[in-house]
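Enquirer: Next one to model:
(chains A, B and C)
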Amino acid sequence: MIARVRSFVVTPNRRGHLIAVAILALAVIFAPAFATSYLMLQIALVGVFAIGAFGLVVLTGHGGQFNLGFAGLMALGAYTAAILQQHGVSLTAALVAAVAIGFVAGALLGVFAYWLSEFAMAVVTFAFGIFVDQAVRAFDGLTGGFSGIVLPRLSLNLVYYTVWTCVAIAALLAWGMIAGWLGRWLRAVRDNAIAAEQLGLPVKRVKFQGYVVTAPFATLTGGLYAQALGYIAPSAFQVVLSLAFLVIIIVGGVTSLWGGLIGATLWVAVPELTVDVPGLYPILFGALTVIVLIVVPGGAMDIPAAIRRRMHRPRRAGAAEVDLSAVAQPAGPAAAVRERE
Amino acid sequence: MPLAGIHVRRGVSSLSVLLAATALLAACGGDTTTGGGAPADGGETLGPGVSADAIELSSSTGLTGNFAVVTAPYVAAAKAKFAAVNADGGVNGRKINWKPVDDGFDIQRAVSFAQRLVSQNKILAETLPFGTAPTVAKKEIYEAAGVPFVSLGTTYAEVENAKTTFGCTVPYYSQARVAIRYAIENRNAKRIGVLVYASPDGKEVGEAAEDEAKAQGAEVVRKLEYDPGTTDFSGAISDLRGAKPDVVVLYGSTPDSARAIQAARRAGLKVPFIGPQTMADSEFLRLAGDAAEGVIAGSPYKLPDADDPGVAAFRDALSKNGDGGSGQPTTWAMSGYQCASVVAAALDAAGEQLNRESFVKGIESLKDFDSGIAAPVSFGPDDHTGSTMALVLEVKDGAFKQLSDFEDGAK
Amino acid sequence: MSSLLIITGIASGILYGLMALAFTFLFRTAGIPNLAIGAMGTFVALLALKIYAPIGLPYWAGVLIAMLLGMAMGAASELLVFRRLRGADPLVFLVATIGLNLLLFGVAQYLWAANEPYRFPGAYSPSGTVIVDGLSPQAVAIFIATAVVLGLLSALLYRSQMGREIRAVAEDPAAAHAIGLSVARAHLIVWMLAAAIIGLAAILFAPLLLLDTSVLSLVMYKAMGAAVLGGLGSLVGAVVGGLLLGLIENLVVPFAPSARDAAAFVVIVLVLLLRPQGLFGRTQIKKI
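Expert: Sure, this is the predicted structure:
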């Protein structure tokens, strides 16, 4: 038991990592001193999306499982928090409730993993997003329906620091999962589920656990998103948001938490930076996604490694190149990571 | 194995992206200096974005997205009116600079826009936004910060209990109610079917049908709401047909209204359809084609080709400044023109010492203001709706015929 | 009135069916879940409109042009993007199509959002004669077109040499390459065919839907659901799945009008649980 806990929280020496984290922490803590409220809102939004990204990195990057229902989970967390706050519940309690409901939803979704393939899970989680949207609209006495809910006004400072505190906690938890036994088992299932089962791994239970522990990231993201916006309506939680998280983690580097942060930054920054050129944002983001996947399948985090690979790869005969491209050689982001590890 | 190295690299590269994005955002986001250009005398009583020769206004709207076809003429006509006002010397010697920005109807981007407006403090007010959910989100921010917000005002709800938020057009409730009243009184409509877009506007149009039916002894026999993203109305229409209505009250965007009516004609539902200005639009005629025949619409505006000095001035302003490329002045263009007229009049009424408080007082002081294309508009400290008057149009032989003069569709 | 609901349900279901056909075909032969079919169809249909209408060609010329443009788009996608991703995770393909969808959507909006939605001159007029209440001549034409496409695709895939090669490549690209088949050519062909079908679906339905740049994006998810319902290996299943979905959506309206979208997916989830390979799919060796 104790050994299990220790291995879950394993901490090899990662001094450089800690330095990077420390610099980020300092920047985030002191930003409000010189940032406008607009900028603080944007940084807060980056944090909000990063939390969700962390969850998806664990589930999809390390576990190879799909959850296309993040929009629905966000809605669940957002409405849970908002409705409670409308009834006078404190911010902290509301967010705890959002996390709690994430475990419930994650379990509900994860149960399906006992029977269904990854692909079918993608469809089921996608359907879940639609169900949540419809339920929100239908139970309009509780949720305000399409009129949405206006949240009690909170100071931007409070929202900002709450978000980033949660980012720190979420990052720590996600990192603990990745570095610990759950991460190892998830990766085993991802890489070769059949072999894993042969070795005695409870594959279906691992998948279930993956869904259970990562859904709360999404619902917490939703609860914090509601605080940042001050107003939620069903139109804020459309399918495109679920797909956005996939794009976020892939563009950043699907197994990397830092990559999730980069992806989240891009997701928040690109529409704001292109605000003076209407219509540029989807073109830019779409092109960016496709180009990153072609040029650096490992995502933004893989750029230094990709450059090194380019520089060090010896010239090969043309025929051999063609050969490799025709055959299913692992070249995707997960494989790029495996090369690194 | 340089684990530490990898993590330093990872951390540094992501940090640099983060810092670069932040720097860019900070640069574009602007700083918190108050005021616009060089203030005139008495600088501290002038509001943000106000200088001796200019007034800075802005708004966020869906310049791209589903309603882009509507926002384009709306924006173009508003710009045309402001240009006409500026050509006449502006307001108290100041030119009006209104620069709308795109938010794609997204709540997050709208909220970011509002925060930026409040932070930067270089804009006097948000005027002429478009989009229900974004408007509600922004309203909260503006009411808390005391920023004047002149929105479309398609619902009573959006200006309820508002201190600095106003509606510059007629709520859809009123527009629909006037048309429904006409149908009940003149077309013997006893059984009313309702199909509305699931939104606050739609909900109020549904209420208009129920309220007018109750007042006149008619009955709403079936009420359906359709969710965003619906393009196939065959199910709803089939269901409505089963309830055997004499008329159907329809509210949705102009394209949705056209789709619904076409589905109705295809399904053999031939009764008159009734609705607000979304169907009083030349765009609607173009899209719905023959299916539009017999539609009865309540519109806050005179017919765009009317032989009337106010409307002529509207056409004149549009032709000087472009009409958003739709080729014909549509009711959306008229909404833009109307709202711009209200804003200009309010700025004028606010006087020389123009700031946010005086602008709000200026709007509230408007009584019987006539833009030339609609019924006169009046505001007050307790009335931020402006006007509830609409006239009734019918589509006959592919064109709009006016059936009544301005009537009141108030709740 | 329920006969009206059934007729209109099938008439709208055929859109899902035709798009699902394109989706299933590409998934089965190249393993790519194409989440860009909405934006691709829209782009191709509107571009075809901009070509045939100003020079006064009839609508059917526009349909042909749309199919040709679709082929070009499919070829471009394969050559520029998906060839370079060969061998990657399915996740990478999925996200690449998401990016492509966003890109095409953005370009279409940039170019054509200002005057949408669009009427297609020469196509069925909305208040024209109907065959029977709820069924327009356009819908009948679409049924015929779908049946023809289904027949042709099946013949290609199962009764021709090319089809055998395509299926071999789909089954095991490495082995197919080892025996001398060209994986590149097979993928190029299937991409072009799938995209042509998407273009056909889009332009055939454009007059009925009043096409604008976002309509198909939303229809797309239901079409994919229809493909899953029918079984992802089966072409017939895709079409049947689409019809079924259209039917279910409409039949739900009298009972729970706001549950329309949810109802479709409830059925899909149920089918997945009870029969994971879909209605017409073949059981595959069970993956854990």
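Enquirer: What sits closest to residue B:131 if chain neighbours are left out?
Expert: Nearest in space to residue B:131, with sequence neighbours left out and distances taken as C-beta to C-beta, 6 or more residues apart in numbering or on different chains, is residue B:105 at 4.5 Å. For every residue, glycine as well, the C-beta is placed using N, CA and C.
Enquirer: And for residue C:165?
Expert: According to C-beta to C-beta, 6+ apart, the nearest residue to residue C:165 is residue C:181 (5.2 Å).
Enquirer: and that neighbour, how far is that from residue B:395?
Expert: For residue C:181, the distance to residue B:395 equals 61 Å [C-beta to C-beta, to the nearest Å].
Enquirer: thinking again about what came up before, if I read this right, the residue nearest to residue C:165 contacts residue C:168, doesn't it?
Expert: Yes - Residue C:181 is within contact range of residue C:168, at 5.9 Å (criterion: C-beta atoms under 8 Å).
Enquirer: Return the distance of residue B:308 relative to chain C.
Expert: Between residue B:308 and chain C the computed distance is 28 Å (C-beta to the nearest C-beta, to the nearest Å).
Enquirer: Against residue A:76, how distant is the residue nearest to residue B:131?
Expert: For residue B:105 relative to residue A:76 (C-beta to C-beta), the value is 23 Å.
Enquirer: Mind checking which of those two has more residues around it?
Expert: Applying other C-beta atoms under 10 Å in any protein chain shown to residue B:105 and residue A:76 shows that residue A:76 carries more neighbours, namely 27 against 24.
Enquirer: isn't the more buried one right up against residue A:132?
Expert: Yes - Residue A:76 is within contact range of residue A:132, at 5.9 Å (criterion: C-beta under 8 Å).
Enquirer: what residues does the stretch 51-200 of chain C put near chain A?
Expert: C:81, C:83-92, C:94-96, C:98-107, C:109-110, C:113, C:173-174, C:177, C:183-184 (C-beta under 8 Å from any C-beta of the partner chain).
Enquirer: next one: phi and psi at residue C:78?
Expert: Dihedral pair for residue C:78: phi -70, psi -50, per degrees, to the nearest 10.
Enquirer: what's around it, how many residues?
Expert: When neighbours are counted by other C-beta under 10 Å, residue C:78 registers 23.
Enquirer: Kindly report the same for residue B:307.
Expert: 8.
Enquirer: residue boundaries of the strands in the chain?
Expert: In the absence of a named chain, this looks at chain A. Secondary structure of chain A by DSSP state E: the strands cover A:149-150, A:231-232.
Enquirer: Chain B was what I was after
Expert: Counting by DSSP E, the strands of chain B are B:54-61, B:95-102, B:125-127, B:149-151, B:165-167, B:191-197, B:219-226, B:247-251, B:273-275, B:296-299, B:389-396, B:399-402, B:407-408.
Enquirer: Relative to chain C, tell me which of the ones you listed wins on proximity.
Expert: Checking these against chain C by C-beta to the nearest C-beta gives strand B:219-226 as the closest, at 5.1 Å.
Enquirer: hmm, back to that, please list the members of the residues of the stretch 51-200 of chain C next to chain A that lie in helices.
Expert: C:90-92, C:94-96, C:98-107, C:109-110, C:173-174, C:177, C:183-184 (DSSP state H).
Enquirer: Turn the buried ones among the residues you listed into a named ChimeraX selection, would you?
Expert: A single ChimeraX command selects the buried members of these (16 or more other C-beta atoms under 10 Å in any protein chain shown):
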select /C:90,91,92,94,95,96,98,99,100,101,102,103,104,105,106,107,109,110,173,177,183,184
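Enquirer: filter the ones in helices among the residues of the stretch 51-200 of chain C next to chain A by proximity to chain B?
Expert: Restricting those to those near chain B - C-beta under 8 Å from any C-beta - leaves C:109, C:110.
Enquirer: how deep is the nearest residue to residue A:203 once chain neighbours are set aside tucked in, by neighbour count?
Expert: In space, residue A:203 comes closest to residue A:197 once its chain neighbours are excluded; the distance is 4.9 Å by C-beta to C-beta, 6+ apart. Per other C-beta under 10 Å, the neighbour tally for residue A:197 reads 16.
Enquirer: Please look at residue A:197 and residue A:206 and confirm they touch.
Expert: No - with the criterion set as C-beta under 8 Å, residue A:197 and residue A:206 do not qualify as a contacting pair; they are 9.9 Å apart.
Enquirer: Cool, thanks, signing off.
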